[in-house]
Each structure stands twice: as C-alpha cells, then as structure tokens.
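J.: Coordinates for the following, if possible.
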Amino acid sequence: MSQNFNFAIKSVPFNEDYLPSENTRITTNFANLARGDRRRENLCNTLRMIDNRFNALAHWDNPKGDRYSVELDIISVTLGIAGDEFPLIEILKTTIVDQKTNERIDGIVGNNFSSYVRDYDFSIVLPEHNQNQPIFSIPANFGDLHGKLFKSFLRSETYASHFGKAPVICISASTSKTYHRTDNHHPIMGTEYRQNESSSTDQYFAKMGMQVRYFMPAGSVAPLAFYFIGDLLGDYSNLELISTISTMETFQRIYRPEIYNANAAAGAVYRPNLKHGDYSLTRIVYDREERSRLAVEQGKFTEENFIKPYRTVLDQWSAYDVA
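T.: From the prediction side, this is the model:
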C-alpha cells in the first residue's frame, strides 16, 4: 500500500441505544432501522429476533432456548489518502455471549457489507455504461478499484490488529438467478444450493478475493449467499457460523420478507421473487424505496468527493497494486 494510503477503524455498538453518526451511510441496513418514531422499538425487536434465531440453531445444551445472546458492533473503515480521510466501508462484528458460562466468544466480522465505492460502481458506473444499450453488459474493469482497496484493507496491519480471521459477508440470493438444491447438507449451514450461473455481484465479490456458496439453514425458507475467503465450513466454528446466520437472516426477513419471510420454503429448484405475495411481515418498519434512492445519492457523493478528486493517485496506485 502506498505511504499516502492508510486505514483506520472505528467501532460503535449496535444496540437499542444506537444512533447513526453523521458519517454513517444512511442506506446501511442498521442505520435505516435506527430512525423515525419507532426507532427504539425497531432496534429492540431486531435484536430479539437475532437472539431467538441464534438459540434455535444452537439448540444443544440449551433446553430453554435462552443460553446465548449476540452483541453487534458496527465497524466503520476510513481510508486516509493524500492527507484527507474518506469513509470506505462498514461491516458488522458479532460477539457471542454464553449466559451459562459468562464467556464472551468472538464471532465473525463481515456479515453486512456497505461500501461507498460499491454504491458508485452499481448506481453510477453500471447504469451509465448500459445507457441506450440493447444488451446489458459489465465494463471490463468493473470493480477493479473496489476489489483492490478491499484486499489491501485485509492485508493491512489495521485489519490484522483487530480481527483474527477473514471476513464472511452474507447477503440475499439474486432475484435474477435460479438455484438448484443439492444433496450436500451441513449440520449448521443446512442444505446447499447451487446457482445456474454467476451474477454480477458474484463477479464483483470475486475481485475482492471472495468466492460464494449458497445454504438454506434449518428453519429458513430461502438460501442465503455466503461470500468468503478460504474454507467457509472449515475455518469457522459452529457458533461463529450461527452468529452470521442469525444476524443476516434477521435483516433479510425485515428487508426482503417476500423471499426470507415467505410462508413456504424454497423447493428443489428455486427462483427468488420480490413480487411473491405469500409472505408475512415483521413488526419492524423499514423503508426499502428510500434505501434504493439514497444509494444513487451516495454513489454521486463518492464520485464527487473521492473518485474525481483522487482519480490520478487512485489510477497510479491501482496500476501498481496488482494483488
């Protein structure tokens, strides 16, 4: 990494008292929940859902289903460049609290993934590239800069001093792809699905050094996408994996109830559909339309405050940093 570049981390607890800072991406899942008249109710209900789901999956030696709770920290990463500081990404870190032994167990970092540069790529670069084009396509260098920035963060002393394992990012399955159930079954992750073809998101995460597998855990109704580095099933403990499943499935049940709070589970061949009508709503208020609109606004913010002012230095660094 160039001596003009450095990373810094700030950590804020995500709990019932959480208030988004001025620098937090307001499209971020947890920030959206923490605004409005029902802010505190939203947060309490979300955290309760996460704990309940965790205990349902970690059911051994847990007869009352209340042995564990999950604590979440919002990890905000900034990039220092040419003497300035730019907000780069936000992720979540889970910590598992064993109420029986009073032990605090490190969970997984990653989970939710928010990125200003990704907003720029998907909300500005991709639509401009496909404007007035008969066939949708992806630019050849799409995601190159973002991928190199992310991998440089993972290689940094900043990351190593805070986290002991590589991140796992868990998001919704793509509504444009078809998933096929396999015979592979994991005791925690559940049934594995395979995609008919890679999505633009898969390709984007590949440039971040991450591959993807799709699993539908027991009690879930649709597969989740897990992006990881290394061995997803071998590098993490059962409790670590459960912390990610319980956290991110809860968010998806709130944000995409048509898929993840559907009243019937995915079959052997599955195509997610946001127009699916047979689903249940949670008691948590979430503004999905606002989130989509703000993604465009924040993509423009990134273009004006990061891409354009530092284009030369970013291009030079990107050409040099080939990892």
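J.: now what about stretch 109-117, what contacts it?
T.: For stretch 109-117, the external contacting residues (C-beta atoms under 8 Å, 6 or more residues apart in numbering) are 25, 27-30, 75, 86-94, 145-146, 149-150, 162-163, 165, 167-171, 227, 244, 247-248, 251, 298-299, 301-302, 306-307. Every residue, glycine included, has its C-beta placed from N, CA and C.
J.: switch the cut-off to 6 Å
T.: 25, 28-29, 87, 89-93, 146, 163, 167-170, 244, 247-248, 302 (C-beta atoms under 6 Å, 6 or more residues apart in numbering).
J.: Can you flag which of those belong to strands?
T.: Pro87, Ile89, Glu90, Ile91, Leu92, Lys93, Val168, Ile169, Cys170 (DSSP state E).
J.: Give the bridge partners for the first one, please.
T.: On DSSP bridges, the residues paired with Pro87 through beta bridges are Thr78.
J.: Run a quick neighbour tally on it.
T.: 22 (other C-beta atoms under 10 Å).
J.: which stretches of this structure have low pLDDT?
T.: Residues of the chain that meet the criterion pLDDT under 70 lie in 1-4, 20-37, 285-292, 321-323.
J.: which stretches of it form strands?
T.: 5-14, 68-81, 84-98, 103-115, 168-172, 179-186, 190-195, 211-216, 224-228, 269-270.
J.: out of the ones you listed, nearest to Asn132?
T.: strand 103-115 (27.4 Å; C-beta to C-beta).
J.: sorry, back to before: can you flag the buried ones in the contacts of stretch 109-117?
T.: 25, 28-29, 87, 89-93, 146, 163, 167-170, 244, 247-248, 302 (16 or more other C-beta atoms under 10 Å).
J.: tally of neighbours for Trp60?
T.: 8.
J.: contacting residues for it?
T.: No residues are in contact with Trp60 under the rule C-beta under 6 Å, 6+ apart.
J.: Look up how far Leu239 lies from it.
T.: According to C-beta to C-beta, to the nearest Å, Trp60 and Leu239 sit 11 Å apart.
J.: what do you get for Glu258?
T.: Counting by C-beta to C-beta - Glu258 and Leu239 are separated by 30 Å.
J.: okay, these two: which has more neighbours?
T.: Higher neighbour count among Glu258 and Leu239: Leu239, with 20 against 17, using other C-beta under 10 Å.
J.: got a list of what the more buried one touches?
T.: Ile96, Ile105.
J.: what about 7 Å?
T.: By C-beta atoms under 7 Å, 6 or more residues apart in numbering, the contact set of Leu239 is Ala58, Ile96, Ile105.
J.: of those residues, buried ones?
T.: Buried, going by 16+ other C-beta under 10 Å: Ala58, Ile96, out of the contacts of Leu239.
J.: Would you mark the buried spots in stretch 228-237?
T.: Phe228, Ile229, Leu232, Leu233, Tyr236.
J.: Bridge partners for the closest residue to the fourth one other than its chain neighbours, pull those for me.
T.: Closest residue to Leu233 in three dimensions, ignoring its sequence neighbours and counting by C-beta to C-beta, 6 or more residues apart in numbering: His186, at 6.0 Å. Counting by DSSP bridges, His186 forms beta bridges with Gly190.
J.: how near is His186 to Leu43?
T.: In terms of C-beta to C-beta, His186 sits 31 Å off from Leu43.
J.: who has more neighbours, the two?
T.: Neighbour comparison, His186 and Leu43: the larger count goes to Leu43, with 20 against 16 (by other C-beta under 10 Å).
J.: Helices of the stretch 151-300 of the chain, start to end?
T.: For the stretch 151-300 of the chain, applying DSSP state H, counting those that start in this stretch gives helices covering 157-162, 200-206, 238-255, 257-260, 288-302.
J.: Okay, Glu220 and Gln252: tell me how far apart.
T.: Not Glu; residue 220 is Ser. 9 Å.
J.: repeat for Val117
T.: For Val117, the distance to Gln252 - C-beta to C-beta - is 23 Å.
J.: Which positions in stretch 187-196 come out as buried?
T.: Buried, per 16+ other C-beta under 10 Å, within stretch 187-196: Ile188, Met189, Gly190, Thr191, Glu192, Tyr193, Gln195.
J.: What of stretch 159-175?
T.: Tyr159, Phe163, Ala166, Pro167, Val168, Ile169, Cys170, Ile171, Ser172, Ala173, Ser174.
J.: which outside residues touch it?
T.: By C-beta under 7 Å, 6+ apart, stretch 159-175 touches 9, 91, 106, 108-111, 113, 153-154, 179, 199, 201, 210, 214, 222-230, 232, 235, 244, 248, 252, 256, 259, 272-274.
J.: okay, now the residue nearest to Ala8 when sequence neighbours are not counted: neighbour count?
T.: With sequence-adjacent residues excluded and distances taken as C-beta to C-beta, 6+ apart, Ala8 is closest to Thr78, at 4.9 Å. Using other C-beta under 10 Å, Thr78 has 17 other residues around it.
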